[in-house]
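Asker: Following is a predicted model, sequence given first.
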Amino acid sequence: MKSVLMVARNKKVEALRMATGLTLLDDQISVAVIGGIDRTDPEVELQLESLDFAEVAVVEIDRDKATEFAEMIINSDVVYVV
């Protein structure tokens, strides 16, 4: 089993959608969202609900969480940045 980190940076909805798709594999998926995310957008909310159902950790990263983000990268076998 691989540990996969999806970093949502520029195309956040697309990154969330890709992370949702990755849940079909037997790998451990986690998501780091750089900056804020528009939780009022229905597409974002749909993907977040899907990820929550699949028990995927979604962490919003700001400057205060730089150390946590670095640890997430180091502890992952694969990192996608979208």
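Answerer: Yes, it's here.

Asker: going forward, measure contacts and count neighbours with C-alpha atoms only.
Answerer: Will do.

Asker: Can you give me the pLDDT of residue 64?
Answerer: If you check residue 64, the pLDDT there is 88.

Asker: Relative to residue 26, how far out is it?
Answerer: Per Cα to Cα, to the nearest Å, residue 64 is found 32 Å from residue 26.

Asker: where do the helices sit along this protein?
Answerer: Using DSSP state H, the helices of the chain run over 12-22, 42-53, 66-74.

Asker: For the second one, name the packing helices and strands.
Answerer: I take that to be helix 42-53. helix 12-22 (3 or more Cα pairs under 8 Å, 6 or more residues apart in numbering; DSSP states H and E).

Asker: outside of the helix it packs on, which residues touch it?
Answerer: 6-8, 29-31, 33, 37, 43-44, 47-48, 50-51, 81-82 (Cα atoms under 8 Å, 6 or more residues apart in numbering).

Asker: Restrict those residues to the buried ones and give me that as a ChimeraX selection.
Answerer: Per 16 or more other Cα atoms under 10 Å, the buried members of the contacts of helix 12-22 correspond to this ChimeraX selection:
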select :6,7,8,29,30,31,33,44,47,48,50,51,82
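
Asker: quick one, what contacts the most centrally placed residue in the chain?
Answerer: Nearest residue to the geometric centre of the chain (Cα atoms, centre = their mean): residue 31, 1.6 Å. Shown in contact with residue 31 (Cα under 8 Å, 6+ apart): 5-8, 16, 19, 56-59.

Asker: Could you give the bridge partners of it?
Answerer: residue 6, residue 58 (DSSP bridges).

Asker: Please renumber the chain so that the first residue is 15 from this point on.
Answerer: With the count now opening at 15, the last piece we talked about shows up as residue 45.
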